[in-house]
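In: Next comes the sequence, and after it the predicted model I'd like to discuss.
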2 protein chains.
Amino acid sequence: MSKLPSEFELIARYFAPLARGFPGAYGLLDDAAVITPGPGSELVVKTDAIVAGVDFSPTARAELVARKALRVNLSDLAAKGARPRAYLLDLVLPERIDEAWIADFAAGLARDQGAYGVHLIGGDMSSTSGPITVAVTALGEVPAGRIIRRGGAQPQDMIFVTGTIGDAALGLSAVRGALPALDAESAAFLKDRYELPQPRVDLGPKLLDLATAAIDVSDGLIADLGHVCAVSRLSARLRASAVPLSTAARNAAAGDPRRLAAALTGGDDYEILFTAPSGAADQVSRLSEACGVPITAIGCMAAPSDGIRGQVLVLDDREAPLSLLTQGWTHFGRGD
Amino acid sequence: MSKLPSEFELIARYFAPLARGFPGAYGLLDDAAVITPGPGSELVVKTDAIVAGVDFSPTARAELVARKALRVNLSDLAAKGARPRAYLLDLVLPERIDEAWIADFAAGLARDQGAYGVHLIGGDMSSTSGPITVAVTALGEVPAGRIIRRGGAQPQDMIFVTGTIGDAALGLSAVRGALPALDAESAAFLKDRYELPQPRVDLGPKLLDLATAAIDVSDGLIADLGHVCAVSRLSARLRASAVPLSTAARNAAAGDPRRLAAALTGGDDYEILFTAPSGAADQVSRLSEACGVPITAIGCMAAPSDGIRGQVLVLDDREAPLSLLTQGWTHFGRGD
């Protein structure tokens, strides 16, 4: 293995170019960066780390790792109605990493920076005896006081979700070889959805006038809807058959109801789940058309059920409750 | 080992209390936090990760790990003249961690939050097959346009440093048992300096009217002074005997010049190195007295030496150049 250049060389070669065009980043040549929200706006900040062997495959291409690390954070900003502006990066790498990996990683960031209009404004490289770990802190902005919270849902609000649900969870199954009967095209689609989320960055800020509450679907549709319920102090009624599935997901789930459950509870979709008054349904349709992003009504909010907040009732087409294997996925222990 | 509660439980129990008093953190119950600089100010952001086995001992107490992770970032803000306000946390933990560790970690953060006037406003918990890894992103504020950069030093500016230098590097030697002849009191002092930096949070903002350039001493005095030289496009003349050493460091270095070199090149001091016009020396003295922090003149800036930027000349008392073993410490490869 070739000897790596110093940390300062690596930053100058691969990361400083990613700061170009953002004056407050000082070319990554200072201890800290400066950022100011535009007039009448405030900053929205979010951090999330991804770890090899947990959030991505240890053999995943560096470019995809970089883009996933960035995108999972941009997804949170989008769900809050914020426009992304910049990010900071903690890159924790095994000493055996080679320079080509770092070059590929930086190329992934460069590609997504162009697509999403953000700049790298600071960061840190560390070595570890463990797996590759990438923490990103993303900064965006919203008009002051307008951030879309989890807690604003009202009883009778409709529940909407963008795109399709469950692809990433099924994609992970495909990566692990657990879907051997699935056709190659479907498997490739689902794997791509797992490896490279599509944060709804353009759509998010357009929800500011529409959504009463929003969250990005990262823990799993039901778990994340549960979070909205808990903070809004309401319950939710979700119609299982209304949840939008891709053709590939339908192919993967065919004949195995456990896979449908996996789709509803699996994480990593990075779609936006939001609530809006039922009178806003037409506006939602127009937004969906304007953005070219499917938006589907999947249920409605209701008063707390039996006094229990945070409860998500999953219903079949006859309004009978379905039971699911798990409510989602957490890093430590299990949600209940 | 006891089974851990879910991630959500852990956040509610140990981390949400750390967000109390900062409305934009939404009790850590949302996807992101909101922060706005005060009128006429802008935000200063910095991120740094620490890794067990690299930046701290795998057997270090959780409370100390938490405080070190926070303090190394506050130190950078201080060196920029920024007042700290808030931070985000990525906590990446082995699955075998127990709840007592997390409780102790949060207690450390609580203690330092009180001391430094900051709040936790967001974060993320992940599991890893590797060592404990803690990334903190700190946010502070400075009057708009006033941040103290690395690049503002002028020829003939004096070079100052706060506190004492080299304690942390010698403390690491003590932790590793490499200083068996050192008296117990000195060893304890040096270990504490390694384990728990004292960021110059109060002093930093008071340098806004005084310093032409500043940096915190984390890579090592000579390496960090080299960064100031490189960005300021100047060289520096550093008088070795002027570098302030603690009594414990003098005891540790007694009779071994390599240990003096280690003090000048070792990292992790988290003091502030700054430059100021020679006419400001009296003002620096008054600031030192007012803050109760020693500030020592250790050399002066000069024109680029032989056309080479970033060069630090270390001189003995007869102005003859000294050679040192290494210019500092980097995570990947070695600086040259």
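Out: That came in fine, so what should we check first?
In: and the next element down the chain from the helix or strand hosting A:Leu88?
Out: Mapping A:Leu88 onto the secondary structure by DSSP states H and E places it in strand A:83-94. The helix or strand immediately downstream of strand A:83-94 is helix A:99-116, counting by DSSP H and E.
In: Go through that following helix and flag the buried ones.
Out: Buried residues in helix A:99-116, counting neighbours by 16 or more other C-beta atoms under 10 Å in any protein chain shown, are found at A:99, A:101-102, A:104-106, A:108-110, A:112-113, A:116. In this view, the C-beta of every residue, glycine as well, is placed from N, C-alpha and C.
In: Report the rounded mean pLDDT for the strand holding A:Leu88.
Out: The average pLDDT for strand A:83-94 rounds to 98.
In: Can you classify the residue nearest in space to the middle of chain A by secondary structure?
Out: Centroid check for chain A by C-alpha atoms, centre = their mean gives A:Tyr270 as the closest residue, at 3.2 Å. Using DSSP: H, G, I helix; E, B strand; the rest coil, the structure places A:Tyr270 in coil.
In: Could you do A:Gly122 as well?
Out: strand.
In: Who does it form a beta bridge with?
Out: Beta bridges link A:Gly122 to A:Leu88 when assigned by DSSP bridges.
In: Run a quick neighbour tally on it.
Out: 29 (other C-beta atoms under 10 Å in any protein chain shown).
In: same thing with A:Asp224?
Out: The burial count for A:Asp224: 26, using other C-beta under 10 Å.
In: Endpoints of stretch A:3-16, how far apart?
Out: End-to-end distance for stretch A:3-16, by C-alpha to C-alpha, to the nearest Å: 21 Å.
In: on that earlier part again, give me the distance between the residue nearest to the centre of chain A and B:Ser127.
Out: 20 Å (C-beta to C-beta, to the nearest Å).
In: Mind listing the residues bridging to A:Ala135?
Out: Beta-bridge partners, per DSSP bridges, of A:Ala135: A:Ala49, A:Asp90.
In: got the contact list for it?
Out: A:47-50, A:69, A:89-90, A:92, B:47, B:49, B:90, B:92, B:124, B:135 (C-beta atoms under 8 Å, 6 or more residues apart in numbering or on different chains).
In: May I see those organised as CSV, with distance to B:Asp219 added?
Out: Compiled in CSV, these are given as follows (distance: C-beta to C-beta, whole Å):
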residue, distance to B:Asp219
A:Thr47, 24
A:Asp48, 28
A:Ala49, 24
A:Ile50, 27
A:Ala69, 25
A:Leu89, 18
A:Asp90, 17
A:Val92, 17
B:Thr47, 16
B:Ala49, 15
B:Asp90, 22
B:Val92, 23
B:Asp124, 27
B:Ala135, 18
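In: for the strand holding A:Leu88, which positions count as buried?
Out: Neighbour count says strand A:83-94 has A:83-93 buried, by 16+ other C-beta under 10 Å.
In: Chain A: strands as residue ranges?
Out: A:33-35, A:41-51, A:83-94, A:119-128, A:133-143, A:158-162, A:213-216, A:235-239, A:272-276, A:295-302, A:312-315 (DSSP state E).
In: before we move on, back to that, report the distance from the strand holding A:Leu88 to the chain centre.
Out: 15 Å (C-alpha atoms, centre = their mean, to the nearest Å).
In: what angle sits between that strand and strand B:41-51?
Out: Between strand A:83-94 and strand B:41-51, the angle comes out at 20 degrees (axes from the mean of the first three to the mean of the last three C-alpha atoms, to 10 degrees).
In: Tell me the spacing between A:Leu245 and chain B.
Out: With distances taken as C-beta to the nearest C-beta, to the nearest Å, A:Leu245 is found 24 Å from chain B.
In: again with A:Asp112
Out: A:Asp112 is 18 Å from chain B, by C-beta to the nearest C-beta.
In: For the nearest residue to A:Asp216 once chain neighbours are set aside, grab the count of nearby residues.
Out: Take A:Asp216 and drop its neighbours on the chain: the residue closest to it by C-beta to C-beta, 6 or more residues apart in numbering or on different chains is A:Ala79, 3.9 Å away. For A:Ala79, the count of nearby residues is 33 (other C-beta under 10 Å).
In: was I right about A:Ala79 contacting A:Gly204?
Out: Yes - counting by C-beta atoms under 8 Å, A:Ala79 touches A:Gly204, with 6.2 Å between them.
In: shared neighbours, those two?
Out: By C-beta under 8 Å, 6+ apart, the residues touching both A:Ala79 and A:Gly204 are A:214, A:272.
In: before we move on, the earlier item: dump the strand holding A:Leu88 to PDB, keeping only the CA atoms.
Out: Extracted in PDB, the C-alpha atoms of strand A:83-94 (Å, rounded to 0.1, in the frame of the first residue of the first chain):
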ATOM      1  CA  ARG A  83     -32.800  25.200   1.600                       C
ATOM      2  CA  PRO A  84     -29.300  23.600   2.000                       C
ATOM      3  CA  ARG A  85     -26.300  25.900   2.000                       C
ATOM      4  CA  ALA A  86     -23.200  24.200   3.400                       C
ATOM      5  CA  TYR A  87     -21.900  21.300   5.400                       C
ATOM      6  CA  LEU A  88     -19.000  20.200   7.600                       C
ATOM      7  CA  LEU A  89     -17.400  16.800   7.500                       C
ATOM      8  CA  ASP A  90     -15.700  14.500  10.000                       C
ATOM      9  CA  LEU A  91     -13.900  11.800   8.100                       C
ATOM     10  CA  VAL A  92     -12.700   9.000  10.300                       C
ATOM     11  CA  LEU A  93     -10.700   6.500   8.300                       C
ATOM     12  CA  PRO A  94      -8.700   3.300   9.000                       C
END
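In: and the angle from it to helix A:99-116?
Out: Using the same axes, to 10 degrees, strand A:83-94 lies at 170 degrees relative to helix A:99-116.
In: can you give me the angle strand A:83-94 makes with strand A:119-128?
Out: Angle of strand A:83-94 versus strand A:119-128, following the same axes, to 10 degrees, is 20 degrees.
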